[in-house]
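Asker: sharing a sequence plus its predicted fold:
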Amino acid sequence: MLTAFRSVSLNVPHFFLVSAPRGYRIQLDFRDEFKIEPSPDCKYDYVEFRDGPFGYSPLIGRFCGPNHPPMMESSSRFMWVHFASDDSIEYKGFRIVYDFYKPGDVGKIRENNYGLLTPLYSSES
């Protein structure tokens with residue numbers, strides 16, 4: 001259910017495919033801190049979400065800076081996540097939790113049935 005790795009290298013893209021069981025969708029939210037290098041159009045460091053299993057699936061949003069993105073939901077059982085960073089400034093990063101739900105059960109997060117994505121933590125703030 002979760003792709004995990006121990007460290008994140010600068011200037012190396014990271015991709016995740018969150019895949020729910022058939023008949024379920026994905027609800028994704030940010031917890032704790034969200035600190036990614038801010039820039040116009042998020043062109044240096046960013047986290048991007050797509051509604052489907054591919055990098056060309058419909059864009060949900062691309063986010064950077066210090067403000068938490070909104071909770072996101074997929075329209076199918078897949079959500080594609082891309083975290084990109086350049087090789088210059090490193091910020092603290094972010095933590096993502098996600099849950100699977102059946103349509104009609106939105107907002108009913110089950111605390112012991114979620115996954116965690118943690119792509120970047122550093123000593124910089």
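Answerer: It's in.

Asker: mind listing the strands for the protein?
Answerer: For the chain, applying DSSP state E gives strands covering 14-19, 25-35, 46-50, 59-63, 72-73, 78-84, 93-101, 114-120.

Asker: show me what the longest one is packed against.
Answerer: I take that to be strand 25-35. Strand 25-35 is packed against strand 72-73, strand 78-84, strand 93-101, with contacts defined by 3 or more CB pairs under 8 Å, 6 or more residues apart in numbering; DSSP states H and E. All C-beta spots, glycine's among them, are computed from the backbone N, C-alpha and C.

Asker: rerun at 6 Å
Answerer: With contacts taken as 3 or more CB pairs under 6 Å, 6 or more residues apart in numbering; DSSP states H and E, strand 25-35 sits against strand 93-101.

Asker: now do the fourth one
Answerer: Contact analysis of strand 59-63 by 3+ CB pairs under 6 Å, 6+ apart lists strand 46-50 as its packing neighbours.

Asker: other residues contacting stretch 61-76?
Answerer: Stretch 61-76 is contacted from outside by 25-30, 34-36, 38, 42, 45-49, 51, 60, using CB atoms under 6 Å, 6 or more residues apart in numbering.

Asker: which of those residues are buried?
Answerer: Buried subset of these (neighbour count, 16 or more other CB atoms under 10 Å): 25-30, 34-36, 42, 45-49, 51, 60.

Asker: circling back to that earlier point, mind putting the strands of the chain in TSV, mean pLDDT included?
Answerer: Shown next, in TSV, are those (pLDDT from 0 to 100):
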stretch	mean pLDDT
strand 14-19	84
strand 25-35	84
strand 46-50	92
strand 59-63	95
strand 72-73	92
strand 78-84	89
strand 93-101	82
strand 114-120	43
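
Asker: distance check, M71 against F54.
Answerer: Using CB to CB, to the nearest Å, we find M71 at a distance of 22 Å from F54.

Asker: now swap in D41 and tell me
Answerer: In terms of CB to CB, D41 sits 22 Å off from F54.
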